[in-house]
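J.: got a predicted model here, sequence first, then my questions.
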2 protein chains.
Amino acid sequence: MRDALFYLDRDSDLNLQTQIRQKLVDGITSGAFPPNTRLPSSRKLAQQLNVSRNTVVAVYQELVADGYIVSRQRSGIFVGDALPDSKVAGRVTDEVDKTAQLLVWRNRIKHERISESEAHDLPNWSNYPFPFIDGKFDASLFPLAEWREASKLALSVAAVEEWSTGSVDADDAMLVHEIRTKFLTRRGIQAGPDEVLVTLGTQNSLYLISQLLADRTTTVGIEEPGNFRLRRLLEDRGARIRPQPVDENGLRVDRGLAGCDWVYVTPSHQVPTAVAMPGKRRRALVAAAAKHDFLIVEDDYECELNYDARPEPAIHSMDADGRVIYVAELAKVLAPGLRLGFIVANAALIRQARNLRRTLSSSPPLNNQRVAAYFLSLGYYDAMMMRLSKVLRRRRLELRDALSNMRGVPLRISPEVGGTTYWVKAPKQFNVDYFVQEAAQHGVLLEPVAQYYSNTQRAENCFRMGVTSIPQDRIVRGVKRLVELIRYLVRGQVEHLDSAAGVWLRGSDLLQAMSGATVYYEEVYGTLCTIELHPDGSMSGRMSSDSNDCDEGTWRVEGDRFLRRWNRWNYATESAYYIVLDDERIKYFNEDRQIVDSARIELAD
Amino acid sequence: MRDALFYLDRDSDLNLQTQIRQKLVDGITSGAFPPNTRLPSSRKLAQQLNVSRNTVVAVYQELVADGYIVSRQRSGIFVGDALPDSKVAGRVTDEVDKTAQLLVWRNRIKHERISESEAHDLPNWSNYPFPFIDGKFDASLFPLAEWREASKLALSVAAVEEWSTGSVDADDAMLVHEIRTKFLTRRGIQAGPDEVLVTLGTQNSLYLISQLLADRTTTVGIEEPGNFRLRRLLEDRGARIRPQPVDENGLRVDRGLAGCDWVYVTPSHQVPTAVAMPGKRRRALVAAAAKHDFLIVEDDYECELNYDARPEPAIHSMDADGRVIYVAELAKVLAPGLRLGFIVANAALIRQARNLRRTLSSSPPLNNQRVAAYFLSLGYYDAMMMRLSKVLRRRRLELRDALSNMRGVPLRISPEVGGTTYWVKAPKQFNVDYFVQEAAQHGVLLEPVAQYYSNTQRAENCFRMGVTSIPQDRIVRGVKRLVELIRYLVRGQVEHLDSAAGVWLRGSDLLQAMSGATVYYEEVYGTLCTIELHPDGSMSGRMSSDSNDCDEGTWRVEGDRFLRRWNRWNYATESAYYIVLDDERIKYFNEDRQIVDSARIELAD
């Protein structure tokens, strides 16, 4: 026996006793310590590892009880010989012939249409300094203490006994109760226990639904842009897909829906544009469904993150015919640790979905169902969502302000009422796909949107920026890096001071023009912002979207440059610009003499 | 506010603090305690509930931190008003019209072939006193302490951080490592990380495989009797199914396999007959696969419960061409709490299976993957399997002995080498389906086997009895109840002493005939048992299947009855019989004068 059997990692998350157990078991099962090997005495091993002898004694006692090692009177501690064989036979055959394998496998796979991994599902996203991607959550948001508490309760003797008597078909009754009373009622939905099926999340729900409700004879209306994963499921089923446009109120309800067997809609936050569907449009959709006899699959994506507006009740609650199949999932921040969702629908459909679920696997793991049930029942879920809403709202404001402060960059963000992402529009000539790749090279992750379109030719020149995965204190720096990249990419394409159309205002001309002028911005958040430059060198600004969002500041002219500083806006830093007046427009140029912004201006009389 | 806000359950598994929190949250979210309701002071609530004031104070502090309640200076504790609405709108529409719903749903479901719930998946099996069903585990077998320990480790900060950075595609690298080094090596399999996919268990694995490898152009060989769930998956895919008979060495390897695209086999314990496939047959199957160019799907069901024989290595380890797709799952005793399995195959297939898995859901919950990884890594899994093997072996011996001691009942059990079930054959005229139903009425759960046959007309007249779900001390009582039921059902059909063929031996004739006779039983475990009745009133018995299984006892004649008592066999109780000699056979009749057993006899010269 060598002197040093193994080494411990003092920085490990595992305590010393656990580490010692792990290393001994590894050595025994791998065959490194074969049966009947004599192990060091507890005193000696404790010395070697520099741990207390009690620690080693405790591990040895456990391993004796488990049969890994045996203690022989007056001889010492030995590796047991009654263990399962660690290796039955090794590989019985000769080395594998890779060419033969290729031949064997040629043309075996029947399901060729399944696409390869999605480009933006970056397994190592957290290594990027500025991950503006939606649906991933930085670990700081995970409610660790509460989750542990709920896990502990779900591991009680009584709870474990309940699992083990469960069938492969039944969901945890406690979880179904909590979903009905704490989640669905808040969405206006009254559902019986036989109208709820627990799933492994919304993707899993949509898989079951598309298997049950789509085949070659089916026509499905789906938002354009919309959920590409559902579109692929429907393609696999051979269904006809009818893309239906999305406007600022979500899915358009018009004659395009006639002839659909069912229609998929994401009313709380449309995927991917994040617009919300108002009550009027929801009722129109329900009426159209009755008129044209189609079903509605309502994906209540991010229904719980509506910090800017009072949420509309679910479409499911507006429908008396039972035409609506409602799907939602527990907040993604808990995934991938816990990925649980549910389908709420007519009991007949739920029964069929349960039968189908059995052929796929079984009910989602009952231990996780019970943990989630306690998590809801103890109010940890609501408390987490309240905390999360605050954090994400702050992050989103930070992103909005950062984007709007980096003026002169040709990007626009859409107005929307909550959610965790911005839909960012780039100018037509901007190659977004190339830009997203370049940004990733510079450590900034953005989500391209072409995949959301059934016809990528019609895709808007947009990308998405989300805030679930990036800590607040990195947002401004991330946007700065993005803006630098944009400026670099568009150099040469942007207007230059020396060749700008209009009149370059300098010195006293500049001072005179600006005194008493009013500037109207039409691109901040897509809405109007008005700035008054008072002759006394003060200025005031007001957002028309939010009458409370005002600021005061000072402006002055220094040589040929116009300087201004807000009390709060733009991080209260002073900015300096060269100014060109072009008909009714004012153009701002930075120190590099590149245009960074423009607006409509009314000069003083 | 009423005096008694709610009541606590002193017998609950939850501690008082958790209960108080749960009840308060329930009241607040359900609207029973509306916003701004004043709650009792901590002192008063503690009095009402008869708990310590500190307990209530702790709950109030948590709920204040979570925003459920607010503490107002000098006024008291109130329900918060900044909570998410508990009910958005109730059901917006009128009452649901069930008839209209039926019309809406008529002909919507496309997937009609999905069968209803399986008859024997009894969700309340644990309410039966004698559940002889396989695959369910009584709660006493769950390794609660070790599972809790592994769960705690998986909830460490570092572990949670790893989950949350995971992609939807990746499995837990630690679990994949543990499966490769602690599970697969023991089955003789060397597999790279890209050759392993974690699934939600074998059903989930077979679903993925049937989606990938079967369509209308595919022919699949499947054991007869065999896995009916796979057969249904293949029917759904439209594949041609070729049933291939099973003999005492498992799947028959003959020309019936030619023309198959792939062949499904359960070599460790054939489902449902529990026979094991010897190495020679395994090698013949691999050779046939190469000759006829088919793939093998090897379901290594219960490979870890081989207490009677040295396990054969997996077929996967015998194949150089990469033709074998290996599926297995972590011991079912951990399910349904944890249902995890894996596919081991060619990396190209694994990549496709991973893509398909993504369309269904995502990787199995990563928290469970990590718990399982720790469970394996700390040796808890092996220790559990060793304990489990011992317990189940004892139970199975108990069942074997009970069945063979209840002689005269026309059932035979098959010889097999491990596993957790017996394949029990009834006589041809016995209606097994009716019997299984009647047995359940009497509290004894058996598993019928017709569903395992593709052609139920060819089904053997058998049922299965398993020992995973019944505690050892109930086995003998359960078998007794079963035997009583059989005797009741076959009354009238059994030979009666008063009308028996042969000579009824009485008094001294009986004594003379038995002295020095040798009796040969041919039905104990399907093998021979020999009993010698010595003239001195002693007797000796020997099982030919096991030369160590001998016993001694005494016999005598009292009036017209023959009495015997073994020292160990038959629970060392004395049995009394009337005896009829019919040519070379001895027939035993019980006190009710019904035949209970017969054997070949050689009288003394």
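T.: Nice, I can see it. Quantities reported herein were computed from a predicted structural model and do not represent experimental measurements.
J.: CA only for contacts and neighbour counts going forward, please
T.: Fine.
J.: mind splitting chain A into its structural domains?
T.: Per the record, chain A has its domains at A:16-79, A:144-381, A:388-489, A:497-602, by automatic domain parsing.
J.: give me the distance between the two termini of the second one.
T.: When you say that, I think you mean domain A:144-381. 12 Å (Cα to Cα, to the nearest Å).
J.: up against chain B, what does the stretch 151-300 of chain A have?
T.: By Cα under 8 Å from any Cα of the partner chain, the part of the stretch 151-300 of chain A that sits against chain B consists of A:152-153, A:155-158, A:160-161, A:163-170, A:181-182, A:185-190, A:200-204, A:207, A:211-215, A:229, A:233, A:293.
J.: mind checking pLDDT for residue A:267?
T.: As predicted, residue A:267 sits at a pLDDT of 94.
J.: err, residue A:93, not the other one
T.: On pLDDT, residue A:93 comes in at 48.
J.: chain center to the longest helix along chain A: distance?
T.: For chain A, the helix with the greatest residue count under DSSP state H is helix A:380-405. Relative to its parent chain, helix A:380-405 has a centroid offset of 13 Å by Cα atoms, centre = their mean, to the nearest Å.
J.: on that earlier part again, in helices only, show me the residues of the stretch 151-300 of chain A next to chain B.
T.: Those of those lying in helices (DSSP H): A:152-153, A:157-158, A:160-161, A:163-164, A:202-204, A:207, A:211-213, A:229, A:233.
J.: buried subset of the residues of the stretch 151-300 of chain A next to chain B?
T.: A:153, A:155, A:160-161, A:163-169, A:181-182, A:185-190, A:200-204, A:207, A:211-215, A:229, A:233, A:293 (16 or more other Cα atoms under 10 Å in any protein chain shown).
J.: any idea which residue of chain A is furthest from its center?
T.: For chain A, the largest distance from the centre (Cα atoms, centre = their mean) belongs to residue A:74, which lies 61.3 Å off.
J.: and that one, how far from residue A:57?
T.: 16 Å.
J.: contact partners for the closest residue to chain B within the stretch 451-600 of chain A?
T.: Among all residues of the stretch 451-600 of chain A, residue A:469 sits closest to chain B, at 9.5 Å; criterion: Cα to the nearest Cα. Residues in contact with residue A:469 (Cα atoms under 8 Å, 6 or more residues apart in numbering or on different chains) are A:126, A:131-138.
J.: hmm, try it at 10 Å
T.: Taking Cα atoms under 10 Å, 6 or more residues apart in numbering or on different chains as the criterion, residue A:469 is in contact with A:125-126, A:130-141, A:333, A:392, A:420, B:164-165.
J.: just checking, which of those residues belong to strands?
T.: A:130-131 (DSSP state E).
J.: filter the contacts of residue A:469 down to the buried ones and hand me the ChimeraX line.
T.: Written as a ChimeraX command, the selection of buried residues from the contacts of residue A:469, which uses 16+ other Cα under 10 Å, is:
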select /A:125,126,130,131,132,133,134,135,136,137,138,139,141,333,392,420 /B:164,165
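J.: tell me what residue A:421 is bridged to.
T.: residue A:466 (DSSP bridges).
J.: what is the burial count for it?
T.: 23 (other Cα atoms under 10 Å in any protein chain shown).
J.: low-confidence stretches in the stretch 1-150 of chain A?
T.: A:1-5, A:82-107, A:109-123 (pLDDT under 70).
J.: please enumerate the helices of it.
T.: A:16-30, A:42-49, A:53-66, A:98-105, A:144-154 (DSSP state H, counting those that start in this stretch).
J.: need those helices in JSON lines with distance to residue B:20, can you?
T.: Converted to JSON lines, the helices of the stretch 1-150 of chain A look like this (distance: least, Cα to Cα, whole Å):
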{"stretch": "helix A:16-30", "distance to residue B:20": "35"}
{"stretch": "helix A:42-49", "distance to residue B:20": "46"}
{"stretch": "helix A:53-66", "distance to residue B:20": "38"}
{"stretch": "helix A:98-105", "distance to residue B:20": "60"}
{"stretch": "helix A:144-154", "distance to residue B:20": "14"}
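J.: and the residue of the stretch 451-600 of chain A closest to chain B, how close does it get to residue B:343?
T.: In terms of Cα to Cα, residue A:469 sits 32 Å off from residue B:343.
J.: next: residue A:177.
T.: In this view, residue A:177 and residue B:343 are 35 Å apart by Cα to Cα.
J.: check what pLDDT residue A:203 gets.
T.: On the pLDDT scale, residue A:203 gets 92.
J.: show me what contacts it?
T.: A:209, A:229-230, A:233, A:327-329, A:341, B:358-362.
J.: then residue A:227?
T.: A:264-266, A:270-272, A:451-454.
J.: just residue A:379 next, same as before
T.: A:146, A:182, A:385, B:21-26, B:28-29, B:63, B:66, B:68.
J.: same question for residue A:504.
T.: For residue A:504, the contacting residues are A:497-498, A:510, A:560, A:578-582, A:586-587, by Cα under 10 Å, 6+ apart.
J.: would it count as being in a helix?
T.: No: Residue A:504 is assigned strand when assessed by DSSP: H, G, I helix; E, B strand; the rest coil, not a helix.
J.: ok, which stretches of the stretch 201-350 of chain A are helices?
T.: With helices called from DSSP H, counting those that start in this stretch, the stretch 201-350 of chain A shows them at A:202-213, A:228-236, A:279-292, A:347-360.
J.: as JSON lines, those helices with distance to residue A:554 would be great.
T.: Output for the helices of the stretch 201-350 of chain A, formatted as JSON lines (distance: least, Cα to Cα, whole Å):
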{"stretch": "helix A:202-213", "distance to residue A:554": "52"}
{"stretch": "helix A:228-236", "distance to residue A:554": "49"}
{"stretch": "helix A:279-292", "distance to residue A:554": "44"}
{"stretch": "helix A:347-360", "distance to residue A:554": "64"}
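J.: looking at the ones you listed, which is buried most?
T.: Of all the helices of the stretch 201-350 of chain A, helix A:202-213 carries the top mean neighbour count, a mean of 22, counting by mean count of other Cα atoms under 10 Å in any protein chain shown.
J.: CA atoms of that helix as CSV?
T.: Only the C-alpha atoms of helix A:202-213 are listed here, as CSV (Å, rounded to 0.1, in the frame of the first residue of the first chain):
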residue,chain,number,x,y,z
THR,A,202,-44.1,23.9,-21.6
GLN,A,203,-42.0,22.2,-24.3
ASN,A,204,-43.2,18.9,-22.9
SER,A,205,-46.8,20.1,-22.8
LEU,A,206,-46.7,21.2,-26.4
TYR,A,207,-45.1,17.9,-27.4
LEU,A,208,-48.1,16.0,-25.9
ILE,A,209,-50.6,18.5,-27.4
SER,A,210,-49.1,18.3,-30.9
GLN,A,211,-49.1,14.5,-30.7
LEU,A,212,-52.7,14.4,-29.7
LEU,A,213,-54.1,17.2,-31.8
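J.: neighbours of residue A:23, how many?
T.: 18.
J.: that one against residue A:14, yeah?
T.: No: with contact defined as Cα atoms under 10 Å, residue A:23 does not reach residue A:14; the gap is 11.8 Å.
J.: where do the contact lists of those two overlap?
T.: Common contact partners of residue A:23 and residue A:14 (Cα under 10 Å, 6+ apart): residue A:8.
J.: am I right that residue A:375 is in contact with residue A:174?
T.: No: Residue A:375 is beyond contact range of residue A:174, at 11.0 Å (criterion: Cα under 10 Å).
J.: how about stretch A:255-272: buried residues?
T.: A:257-258, A:260-272.
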